[in-house]
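Coordinates for the following, if possible.
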Amino acid sequence: MAMPRETLLQYLTEAFPDAEITLTDLAGDNDHWQAEIVSPQFAGLPRVRQHQLVYAALKGTMGGELHALALKTRAP
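Modelled structure (predicted):
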């Protein structure tokens, strides 16, 4: 089971409405994604905390519907 771009983008946009989000399908299978997220919410947070916020936004789909996600996060 894969996660369509629209679903992934919806989760991320809901959690980070002011963010600039770029999704790349790394394998062409809707199963291995790279997400680059530039959000004011990340200001002053260490990268590990930024990534925890992203995983929380995915509502438990990581490792199930979403097999692999490479993250690049930063504040503007």
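
Now A2. Nearest residue, chain neighbours left out?
N30 (3.8 Å; CB to CB, 6 or more residues apart in numbering). From N, CA and C alone the C-beta is placed, and that goes for glycine too.

An error on my part: the question was meant for E65.
M3 (4.5 Å).

Looks to me like the one you found is in a helix.
No: secondary structure of M3 (DSSP: H, G, I helix; E, B strand; the rest coil): coil, not part of a helix.

gap between it and Y55?
14 Å (CB to CB, to the nearest Å).

More neighbours: which of those two?
Neighbours were counted for M3 and for Y55 using other CB atoms under 10 Å; M3 has more, 19 against 15.

pretty sure that one is touching A68, no?
No: contact status for M3 versus A68: not in contact, 10.4 Å apart, counting by CB atoms under 8 Å.

residues in contact with stretch 49-57?
The contact list for stretch 49-57 (CB atoms under 8 Å, 6 or more residues apart in numbering) reads 11-12, 14-16, 35, 37, 41-42, 45, 62, 69, 71, 73-74.

Can you name the residues that contact the closest residue to A68 other than its chain neighbours?
The shortest distance from A68 to any non-neighbouring residue, by CB to CB, 6+ apart, is to H32 (4.4 Å). By CB under 8 Å, 6+ apart, the contact set of H32 is 25-26, 67-68, 70.

For H32, grab phi and psi.
Reported as degrees, to the nearest 10, the phi and psi values for H32 are phi -130, psi 100.

list the contacts for the closest residue to L12 other than its chain neighbours?
In space, and not counting its chain neighbours, L12 is closest to I21: 5.3 Å by CB to CB, 6+ apart. By CB under 8 Å, 6+ apart, the residues touching I21 are 9, 12-13, 35-38.

what pairs with the closest residue in space to R5 that isn't next to it in sequence across the strands?
Closest residue to R5 apart from its sequence neighbours, by CB to CB, 6+ apart: L23 at 5.8 Å. Going by DSSP bridges, L23 is paired in beta bridges with A35.
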